[in-house]
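Novice: Here is a sequence together with a model predicted from it:
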Amino acid sequence: MPRFSGKCFLVAKRTLTFSFLLLSPAGIMKGQSPASKSGKEVHEQLIPVTDKLVIEKCGACHAADASGNLSRISSIRTTPEGWEEAIKRMIRLNGLQLSPDEARQILRYLSDSHGLAPSEAAPIQYFVQRSIVDEKMPDVADVQHSCAACHAIAKPLSWRRTPEDWDLLKNMHVAFFPSIDVSFRRAGPRGAVREAANPSSETPKEPVDVALAWVKKSTPLITPEWSNWSASVQTPKLAGTWLVSGTLPGRGKFFGLTKVEDKSSDGGYATSTQITFTNGDTWSSTGSGIVYTGYAWRGRSKGDAKIAGIEAPSGVREVMMLSGDQSEFTGRWFWGTYQEFGLETTMRRDTGAPTVLGTDIGSLKAGSSDNTVRIYGAHLPQSVSASDVNLGPGVTVTKIISSTPQLVTVLANVDAKATPGRRIVAIGGVAMANAYAVYNKMDYLKVTPTTSLAHLGSDTHSKGYMQFEAIAYSNGPDEKPNTADDIELGAVPAKWKIEEFVASFGDDDVQYVGTIDAKTGFFTPASDGPNPKRKSQRNNYGDVWAVAQFTPQGSEKPIVGRSYFIVAVPQYMQWDQPEVAE
């Protein structure tokens, strides 16, 4: 499970120094062109640099060939975050005067012209959104051993390089982080096993070589997706009103509006947002954003503090992807020292047409009656009758409680024989698919995140919190849990506690790692140590279970779910560079 940190925008506070040269023992030195193992210069399938500023500022170290390719730079594509990381590394290691405006222009050019196609970025979008996920690892053990031992597997998958450039990156790792050579090579028990399994092999492959072979095959520099996208990429027209909807763990669903205005001075956008949660809380903000590579929104906003609690989003970073038809954004707006809080957000372009955005419920039980259902939308009819509202098969709207163009509230009955499954919500001729579910039995809970991480903290080092949710499920037609036909029923108000995860003799982590709110599932970590009350004066770190318990309607027996939960020490060193970010 990856945990992410770092800033997103290159907004320099003062004149900076950097170059793009990535140092490595076998790296490309000043005045040289990229070369293959045969020693011949490589010009095919590279991406020429055409921007005058990049050539002027980077060309002194990154030599150009006759085709306009700059060494290293023409061999790489990545996300805006990846290019910013490379720039910051060069700031730390090399010297080239660069103003803040020049830094922004270079980042913009490289992200647009040496970026990723939307279909390439989508599988690793959770990485740039700083989401907490259990990554799906490749079936190649050496990739996990050599790459994922130190960072998310999405990290290498967010870069596209030539095979030669991947080799140089390996050399850079060995130069900068000598201890990593143990993981890369045959040293230790892993190497002994390899040699025992290949007694006749004179040159058994090392783990890093196996991993690199997989990475090279999985992340080529030139792909059909990139060729097609780069040929038509352009800055989209986004000015106007957008309909916002989504969820915030611990707070539930929200709906609202975002207004986007062009900022002609820098090609970016100004934004203002107002959202209302289904529990009545509201939040408003103003901010700015920019779109890289024709689809990648990166924004910042600041809002009021009407949402009570430590998780109140006073400063938010926005990472979203624009759909191909430019009608919808999806992504995450996040905040916190460890980006642990976030609004899972969808923005739809407001065309003035009637639109259903969603409901305040996750599910209705078969056989239940007089259920209050609130339907959120835009430009809905001012006057609505019960016959105008369709909640899907087996569900009957009996009364309209209230109706506005943004919210229709109804009473509904569910037939006892209604077939379990997802349902549409429609008002007149406007519908939303999969708006909620009908079920006859809640069978189990999933606690999200399924694997999670918090950080101890103190006055010196900020704490990293965690908000858990209990999501109910029905087993579905096959009546078996955790299969493809299971029906998600939404979050439920569970009771929370933490329990010991027995990892060593005499475990006592529950006593020291922190506390979880029994009603909300919000975890507050303890202070960092060392703690004289613990054995060997250990710090207050540990691993535990976050446990949720909920008794479904009409049942006497509760259902229980749990999540494996690590409480780690603070991130004592921030690897980001504050002078180049807001």
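Specialist: Ah, there it is.
Novice: Domain boundaries for the protein, per the record?
Specialist: Partitioning the chain according to automatic domain parsing yields domains covering residues 16-229, 240-349, 355-439, 444-568.
Novice: tell me the mean pLDDT for the third one?
Specialist: Taken as a whole, domain 355-439 has a mean pLDDT of 97.
Novice: From one end of that domain to the other, what's the distance?
Specialist: 26 Å (CA to CA, to the nearest Å).
Novice: re the thing from before, mind giving me a markdown table with the domains of the chain and columns for distance to residue 574 and mean neighbour count?
Specialist: No exception for glycine: its C-beta is placed from N, CA and C like everyone else's. Compiled in a markdown table, the domains of the chain are given as follows (distance: least, CB to CB, whole Å; neighbours: other CB atoms under 10 Å):
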| stretch | distance to residue 574 | mean neighbour count |
| --- | --- | --- |
| domain 16-229 | 12 | 17 |
| domain 240-349 | 9 | 18 |
| domain 355-439 | 38 | 17 |
| domain 444-568 | 10 | 17 |
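Novice: before we move on, could you check phi and psi at residue 81?
Specialist: For residue 81, the backbone dihedrals (degrees, to the nearest 10) come out as phi -60, psi -40.
Novice: show me where the stretch 201-350 of the chain has helices.
Specialist: Remark: helices assigned in the stretch 201-350 of the chain by DSSP state H, counting those that start in this stretch are 207-218, 224-232.
Novice: Return the member of these having the minimum mean pLDDT.
Specialist: Minimum mean pLDDT among the helices of the stretch 201-350 of the chain: helix 207-218, a mean of 91.
Novice: Tell me which other helices or strands it touches.
Specialist: Using 3 or more CB pairs under 8 Å, 6 or more residues apart in numbering; DSSP states H and E, the elements in contact with helix 207-218 are helix 141-146, helix 154-157, helix 163-176, helix 181-184.
Novice: cutoff 10 Å now
Specialist: When contacts are defined as 3 or more CB pairs under 10 Å, 6 or more residues apart in numbering; DSSP states H and E, helix 207-218 packs onto helix 141-146, helix 154-157, strand 159-161, helix 163-176, helix 181-184, helix 188-197.
Novice: Looking at the ones you listed, spot the one closest to residue 299.
Specialist: helix 154-157 (21.1 Å; CB to CB).
Novice: so how far is residue 295 from residue 232?
Specialist: Residue 232 sits 11 Å away from residue 295, going by CB to CB, to the nearest Å.
Novice: where does the protein dip in pLDDT?
Specialist: 1-44, 186-204, 305-312, 575-582 (pLDDT under 70).
Novice: quick revisit: rebuild the helices of the stretch 201-350 of the chain as a markdown table, extending it with distance to residue 315.
Specialist: Formatted as a markdown table, the helices of the stretch 201-350 of the chain follow (distance: least, CB to CB, whole Å):
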| stretch | distance to residue 315 |
| --- | --- |
| helix 207-218 | 35 |
| helix 224-232 | 32 |
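Novice: Does residue 318 touch residue 343 like I think?
Specialist: Yes: between residue 318 and residue 343 there is a contact at 9.0 Å, judged by CB atoms under 10 Å.
Novice: Now do the shared contacts for these two.
Specialist: Common neighbours of residue 318 and residue 343 (criterion: CB atoms under 10 Å, 6 or more residues apart in numbering): 273, 331, 332, 333, 334.
Novice: For residue 366, state which of the residues you listed is nearest.
Specialist: residue 332 (34.0 Å).
Novice: Pull the contacting residues for that closest one.
Specialist: Here residue 332 is in contact with 125-126, 128-131, 246, 316-320, 339, 342-345 (CB under 10 Å, 6+ apart).
Novice: next one: whichever strand or helix holds residue 85 to chain centre, how far?
Specialist: Under the criterion of DSSP states H and E, residue 85 resides in helix 80-93. Averaging C-alpha positions (CA atoms, centre = their mean, to the nearest Å) puts helix 80-93 20 Å from its chain's average.
Novice: for stretch 477-488, same thing?
Specialist: On CA atoms, centre = their mean, the centre of stretch 477-488 falls 26 Å from the chain's centre.
Novice: same deal with stretch 67-85?
Specialist: For stretch 67-85, the distance to the chain centre is 23 Å (CA atoms, centre = their mean).
Novice: Quick one: end-to-end length of it, please.
Specialist: 27 Å.
Novice: Against residue 559, how distant is residue 119?
Specialist: Applying CB to CB to residue 119 and residue 559 gives a distance of 39 Å.
Novice: Then residue 376?
Specialist: Distance from residue 376 to residue 559, by CB to CB: 29 Å.
Novice: List the contacts of residue 511.
Specialist: By CB under 10 Å, 6+ apart, the neighbours of residue 511 are 500, 526, 531, 533, 534, 540, 542.
Novice: same question, residue 239
Specialist: 259, 260, 261, 262, 263, 269, 270.
Novice: Equivalent analysis for residue 253, please.
Specialist: Residue 253 touches 245-247, 276-279, 344, 357-362, 374, 376, 490-491, counting by CB under 10 Å, 6+ apart.
Novice: at 8 Å instead, please
Specialist: 245, 246, 247, 277, 278, 358, 360 (CB atoms under 8 Å, 6 or more residues apart in numbering).
Novice: ditto for residue 284
Specialist: 272, 273, 274, 275, 303, 304, 306.
Novice: Likewise for residue 287?
Specialist: Residue 287 touches 270, 271, 272, 273, 299, 300, 301, 302, 316, 318, counting by CB under 8 Å, 6+ apart.
Novice: Run through the bridge partners of it.
Specialist: Under DSSP bridges, the beta-bridge partners of residue 287 are residue 271, residue 301.
Novice: distance of it from residue 273?
Specialist: The value you get for residue 287 to residue 273, if CB to CB is used, is 8 Å.
Novice: Now list whatever residues contact both of those two.
Specialist: Contacts common to residue 287 and residue 273, judged by CB under 8 Å, 6+ apart, are residue 301.
Novice: Any idea which of the helices and strands packed on helix 207-218 gets closest to residue 393?
Specialist: Among the helices and strands packed on helix 207-218, helix 154-157 sits nearest to residue 393 (CB to CB), with 40.3 Å.
Novice: CA atoms of the closest one as CSV?
Specialist: Provided in CSV are the C-alpha atoms of helix 154-157 (Å, rounded to 0.1, in the frame of the first residue of the first chain):
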residue,chain,number,x,y,z
ALA,A,154,2.9,3.2,-10.1
LYS,A,155,6.1,5.2,-9.8
PRO,A,156,8.0,3.5,-12.6
LEU,A,157,4.8,3.0,-14.5
